[in-house]
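J.: My questions are about this predicted structure, shown below with the sequence.
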Amino acid sequence: MSTTTRPATPPADLKPIAPVDLAAERAAVGPALEEAVLRVLRSGQYILGPEVERLEKDFAALHGVAHGIGVANGTDAIVIALRSACVQPGDHVVTSPFTFFASAGAIAWMGAKPVLADVELDTALLDPKKAEAAIDSKTTGILPVHLYGQMADMKAFRALADKKKLALVEDAAQSHGASRDGVSCGQLGDACAFSFYPTKNLGACGEGGMILTKSEHVAARARRVREHGSPVRYTHAELGTNSRLQGIQAAVLNVKLPFLAAWNERRRAIAARYDAAFKGCAEVVPLARRPNTVHVYHQYTVRLRGPVGRDAVIEALKPWKIAVAVHYPSPVHLQEAARPWGYGPGDFPNAETLAREVACLPVHPFLSDADVDRVAERLMAAARGNS
């Protein structure tokens, strides 16, 4: 569509296209979801129990890792993973300034200091070279974020952690089933944290989280920390917290887990369709996918670089009943809560550029090809000022 084309008028009966469709997901799963919930209710085992144990085993096996530890939510998964990998209050942990705030916030919450390093502009992933430059005498850990469904360069981060003798904890809250260079989430880190928030590729009907690790020691400590530091009931070896995964949430996830591979494959097919539509479009630039990467597209993210501002483009899509999200409109270091860490505007230019430009398009597995084509067509028109 050229920049001189007159804007079209949206039909009145357009079907809304949203970032997620939980109703369609429930329909795809079928009655098994309700049956699983009722099974837990009838069992009376509401916290941990056999459904959690099954999920821990199967989710760990999916990623080729020995141990899974179910916890209450994704943020707790990061905190407990860091603690179990021996990060202590007062330590410094290097992480990304362009992610959901919980990644850095979890570091600060446990009494350590987030030390930020800029991201790669074309992928939005933490840059290993900049992470190395940010390491100081108090650094004891690195927390790469597998953002939008694409893994960070874990081979580079593993080499860096070994070189500097640091703990390596992965934030995989958005990357269920992802891999890179033949390595899955959790295989190279000392611990790996997942979220099962309802909108994730694998989502619960509420909150939930998981820690994966290949280390028996880390697994044992994570299980202890999630239960008030207790290895045996009424014996407390250290200060812990109450972060046990609920049986109902695990049962829901056990029903959905066999669908994950097909859902992720559909996300990749949708992403490929978007890629083809945006090829050669200067105003809409998809984030790059690295070679040898199995991207699971929790988000399909583009940079809007045309004459129309990002927010105006998103507004122009609303009459067409297309909802586009912004993940994330502010980088971590410019949040009010981050002030004590000592950063300011200009410190991480790639993160700040991405915060101004990114838009996340609907990519859930229940979109039709026609839905995807409509989003792509209307987005390009809006980005060119022809909405």
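T.: Arrived safely.

J.: can you tell me how far residue 174 sits from residue 163?
T.: 27 Å (C-beta to C-beta, to the nearest Å). Glycine gets a C-beta too; all of them are placed from N, C-alpha and C.

J.: ditto for residue 258
T.: 40 Å.

J.: hey, where'd the helices end up in the stretch 1-150 of the chain?
T.: Counting by DSSP state H, counting those that start in this stretch, the stretch 1-150 of the chain has these helices, from start to end: 22-29, 32-43, 50-62, 74-84, 102-109, 128-134.

J.: Contacts for the first one, please.
T.: Surrounding helix 22-29, the residues in contact under the criterion C-beta atoms under 8 Å, 6 or more residues apart in numbering are 33, 198-199, 203, 255-256, 259, 364, 366.

J.: Neighbours of the closest residue to residue 333 other than its chain neighbours, how many?
T.: The spatial neighbour of residue 333 that comes closest, neighbours along the chain excluded (C-beta to C-beta, 6 or more residues apart in numbering), is residue 343 at 3.8 Å. When neighbours are defined as other C-beta atoms under 10 Å, residue 343 has 19 of them.

J.: ok, now the one 10 residues further on?
T.: By the measure other C-beta under 10 Å, the count of residues near residue 353 is 16.

J.: which residues sit in contact with it?
T.: Contacts of residue 353 (C-beta under 8 Å, 6+ apart): residue 121.

J.: and the next element down the chain from the host helix or strand of it?
T.: For residue 353, the host element (DSSP states H and E) is helix 349-357. With elements assigned by DSSP H and E, the helix or strand that comes after helix 349-357 is strand 358-361.

J.: So which bits of the biggest helix by length in the chain are buried?
T.: Among the segments of the chain that qualify as a helix by DSSP state H, the longest is helix 260-278. Neighbour-count burial for helix 260-278 flags 260, 263-264, 266-268, 270-271, 273-274, 277-278 (criterion: 16 or more other C-beta atoms under 10 Å).

J.: before we move on, the earlier item: so which of the helices of the stretch 1-150 of the chain is nearest residue 378?
T.: helix 22-29 (21.0 Å; C-beta to C-beta).

J.: tell me the angle of that closest one relative to helix 260-278?
T.: When axes from the mean of the first three to the mean of the last three C-alpha atoms, to 10 degrees is applied, the directions of helix 22-29 and helix 260-278 differ by 130 degrees.

J.: Could you pull up the mean pLDDT of helix 22-29?
T.: The pLDDT scores in helix 22-29 average 94.

J.: Check stretch 246-259 too.
T.: In the prediction, stretch 246-259 has an average pLDDT of 98.

J.: got the CA positions of that stretch in CSV?
T.: What follows is stretch 246-259 as a C-alpha-only set of coordinates in CSV (Å, rounded to 0.1, in the frame of the first residue of the first chain):
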residue,chain,number,x,y,z
GLN,A,246,-0.7,-25.7,44.2
GLY,A,247,-2.0,-29.0,43.1
ILE,A,248,-4.9,-27.5,41.0
GLN,A,249,-2.4,-25.4,39.0
ALA,A,250,-0.2,-28.4,38.4
ALA,A,251,-3.1,-30.5,37.2
VAL,A,252,-4.1,-27.8,34.7
LEU,A,253,-0.5,-27.6,33.5
ASN,A,254,-0.3,-31.4,33.2
VAL,A,255,-3.4,-31.3,30.9
LYS,A,256,-1.9,-28.5,28.7
LEU,A,257,1.7,-29.7,28.6
PRO,A,258,1.1,-32.3,25.8
PHE,A,259,-0.3,-29.5,23.6
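
J.: Make sure residue 168 is indeed in a strand.
T.: Yes. Under DSSP: H, G, I helix; E, B strand; the rest coil, residue 168 falls within a strand.

J.: Contacts only, for it.
T.: Counting by C-beta under 8 Å, 6+ apart, residue 168 touches 85, 141-142, 144, 157-158, 161, 188-190.

J.: Now do stretch 232-245: everything it contacts.
T.: Applying C-beta under 8 Å, 6+ apart, the external contacts of stretch 232-245 come out as 47-48, 52, 55, 70-73, 76, 79-80, 208-210, 224-231.
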